[in-house]
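Asker: how would this look folded up:
(one chain, ligands or ions: 1)
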Amino acid sequence: MTVESVPMPNNRREDKCPFQPSADLVRLHRQQQLPRVPAANPQLGAFDAVLLTRADDIRQVLADQSCEAGFAFDRDGPRTVMNQPGILLNYDGQEHLRYRRMLVGAFTVRRVRSLTEPIRRIAEKHLDDLAEAGPGADLVETFANPVPLMAVCELLGVPYADRAGIARRSSIGTDVGNSLAEQLENFEAMAAYMGDLVASARRNPGDNILGDLIRRHGAELSDDELVGMGNSILVAGHETVSSMIGLGTLALLRNPDQLAIVRDDDTAADSMVEELLRVLSVAPPLVRQASKAVTVNGQRIEAGEKIIASVLMANHGADLVPEDPDRLDVRRARVAHLAFGYGAHQCIGQHLARLELRIALPMLLRRFPTLDLLGDPDTLSYREDALVFGLTTLPVTW
Ligand code: HEM
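Answerer: Reported below is the predicted structural model:
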């Protein structure tokens, strides 16, 4: 196996087209042999990994308990945004199941459905803010960021008034470009903030996730674990959905026929959400380490080797979507996409994410039927160093 010199700090996209995997990724996807590529993320720094880009290969590895997610968790090492107890992705097997079971009740379809009206109200309020800001407003700052942040704050019992600090710290924590020293300093601020919330929830557990965890499992969970659980939900729950709303709006604006369907036909709302999740695939490549040798697509991956799975490439592969995989078709028949991962660690917040997108995007397009991009789409800037791919700003007019 050769080491390809394709840097993989993030889900690489085509220049000037944030919706398509880069030509390098497409080339690697087409070759029969699984390549090894240099990769990097804030937890591991630089590392070499076997790259998976085909949906079947990725499902096999993500379903295999011997391909571990929590391999890098160093219980005694310095704490960072990821190296913290309580974060589900730091555990495997029974230990992972134990933590996941404590949280899963908060994210069932039924519990999430009860958030429909609160999320609608949150979206309505921020559409008012957008109207007030007037044409030229930045959709990311006015709508795409605050709606999911406010939703996850409500769910967790985090005061929304603290949003500016939360957003800043979570964006630093998920930026691949930051040094370990910066990560450590930022982590201390995140841990101190969540630590205060945990202490106050221990005194007076509210009707939210932190309160529920303390009522049901307060005796078996340390404050340290509660801080990890709280912060991971806060970060995972807002960066991802916020990227999806910003990029999703851009994708629809660049495909006016698809935008008209979303605006005018509510029966297309569910398929629109799935298609945007698939096409945009905002999650970073998923990282695992083989604890024993595994054979994938006829090729042996040795024990100790790292594996990264490009969800973006898999979701655009002709093996998964035989017909025109790069085209946005909001009425496309359901595809078993991998935007939320697969297996034991599959996204716990997926029903919430779907609900937020299903509400926010059609509401935006109905309230502003003449919504359009302000300026040249080629000059838009993207968060290329961030773990979750997204837009920096999205100036709009109407
Ligand atoms: C469109 C939005 C979202 C996307 C694309 C997304 C994507 C993902 C992916 C791909 C994974 C699997 C990671 C891996 O296997 O390495 C994951 C896990 C996770 N997600 Fe999401 N996510 C989204 C929204 C959310 C929300 C709204 C929450 C919570 C409020 C959330 C919380 C989590 C947690 C806690 C995990 C870890 C689960 C585990 O390890 O058992 N995510 N997400």
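Asker: tell me how far residue 354 lies from residue 369.
Answerer: 24 Å (Cβ to Cβ, to the nearest Å). For every residue, glycine as well, the C-beta is placed using N, CA and C.
Asker: these two: which is more packed in?
Answerer: The neighbour count for residue 354 versus residue 369, taken as other Cβ atoms under 10 Å, is higher for residue 354 (20 against 11).
Asker: and the residue lying closest to residue 352 once chain neighbours are set aside, how many neighbours?
Answerer: Nearest in space to residue 352, with sequence neighbours left out and distances taken as Cβ to Cβ, 6 or more residues apart in numbering, is residue 112 at 4.9 Å. Around residue 112 there are 20 other residues, counting by other Cβ under 10 Å.
Asker: isn't residue 112 up against residue 358?
Answerer: No - using Cβ atoms under 8 Å, residue 112 is not in contact with residue 358, being 11.0 Å away.
Asker: so who does the closest residue to the ligand within the stretch 101-250 of the chain touch?
Answerer: The minimum distance from the stretch 101-250 of the chain to the ligand, using Cβ to the nearest ligand atom, falls at residue 237 (2.7 Å). By Cβ atoms under 8 Å, 6 or more residues apart in numbering, the contact list for residue 237 reads 148, 151-152, 155-156, 349, 352.
Asker: let's see that with 6 Å instead.
Answerer: 152, 349 (Cβ atoms under 6 Å, 6 or more residues apart in numbering).
Asker: ok, now the one 4 residues further on?
Answerer: Contacts for residue 241 were tallied using Cβ under 6 Å, 6+ apart; they are 148, 353, 356.
Asker: swap the cut-off to 8 Å and go again
Answerer: If a contact means Cβ under 8 Å, 6+ apart, then residue 241 has 147-148, 151, 352-353, 356-357 as its contacts.
Asker: quick check: closest non-adjacent residue to it.
Answerer: Residue 241 sits nearest to residue 148 (Cβ to Cβ, 6+ apart), 3.7 Å away.
Asker: let me know the pLDDT of the spatially most central residue of the chain.
Answerer: Among the residues of the chain, residue 240 comes closest to the average C-alpha position under Cα atoms, centre = their mean, at 3.5 Å. pLDDT recorded at residue 240 is 92.
Asker: hang on, it packs against residue 388?
Answerer: Yes - with contact defined as Cβ under 8 Å, residue 240 and residue 388 form a contacting pair (5.4 Å).
Asker: quick one: common contacting residues for the two?
Answerer: By Cβ under 8 Å, 6+ apart, residue 240 and residue 388 have these common neighbours: 282-283.
Asker: and the ligand, is the helix or strand residue 353 falls within touching that?
Answerer: Element membership for residue 353, per DSSP states H and E: helix 350-367. Yes - using Cβ under 6 Å from any ligand atom, helix 350-367 reaches the ligand at 352-353.
Asker: so what does that helix touch, helix or strand wise?
Answerer: helix 109-113, helix 116-133, helix 146-156, helix 223-253, helix 256-264, helix 269-280 (3 or more Cβ pairs under 8 Å, 6 or more residues apart in numbering; DSSP states H and E).
Asker: how about this protein: which residue is closest to the ligand?
Answerer: Of all residues in the chain, the one sitting closest to the ligand is residue 349 (2.2 Å; Cβ to the nearest ligand atom).
Asker: which residues does the nearest residue to residue 273 once chain neighbours are set aside contact?
Answerer: Nearest residue to residue 273, sequence neighbours excluded (Cβ to Cβ, 6+ apart): residue 357, at 4.7 Å. For residue 357, the contacting residues are 241, 244-245, 248, 273, 276-277, by Cβ under 8 Å, 6+ apart.
Asker: next one: residue 397
Answerer: Here residue 397 is in contact with 135-136, 371-374 (criterion: Cβ under 8 Å, 6+ apart).
Asker: distance to residue 169 and secondary structure added to those, as TSV?
Answerer: Formatted as TSV, those follow (distance: Cβ to Cβ, whole Å; DSSP: H, G, I helix; E, B strand; the rest coil):
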residue	distance to residue 169	secondary structure
135	31	coil
136	28	coil
371	31	coil
372	33	strand
373	30	strand
374	29	coil
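Asker: next, format the residues you listed as a markdown table and append neighbour count, distance to the ligand and pLDDT.
Answerer: Putting those into a markdown table (neighbours: other Cβ atoms under 10 Å; distance: Cβ to the nearest ligand atom, whole Å; pLDDT from 0 to 100) gives the following:
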| residue | neighbour count | distance to the ligand | pLDDT |
| --- | --- | --- | --- |
| 135 | 15 | 28 | 96 |
| 136 | 10 | 28 | 95 |
| 371 | 20 | 21 | 98 |
| 372 | 11 | 25 | 97 |
| 373 | 16 | 22 | 96 |
| 374 | 14 | 25 | 95 |
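Asker: show me the two of those residues that sit farthest apart.
Answerer: Greatest spatial distance among these (Cβ to Cβ): 136 and 371, at 12.6 Å.
Asker: identify the contacts common to the two.
Answerer: Shared contacts of residue 136 and residue 371, counting by Cβ under 8 Å, 6+ apart, come down to 396-397.
Asker: the ligand contacts on the stretch 201-350 of the chain?
Answerer: Within the stretch 201-350 of the chain, the positions near the ligand by Cβ under 6 Å from any ligand atom are 232-233, 236-237, 240-241, 244, 282-283, 286, 339-341, 345, 347-349.
Asker: swap in 8 Å and give it another go.
Answerer: Contact residues, the stretch 201-350 of the chain versus the ligand (Cβ under 8 Å from any ligand atom): 232-233, 236-238, 240-241, 243-244, 277, 281-283, 286-288, 311, 338-350.
Asker: for the stretch 1-150 of the chain, same thing?
Answerer: With Cβ under 8 Å from any ligand atom as the criterion, the stretch 1-150 of the chain meets the ligand at residues 62, 69, 87-89, 91, 96, 99-100, 103, 107, 148.
Asker: so which of the residues you listed belong to strands?
Answerer: Using DSSP state E, no member of these falls within strands.
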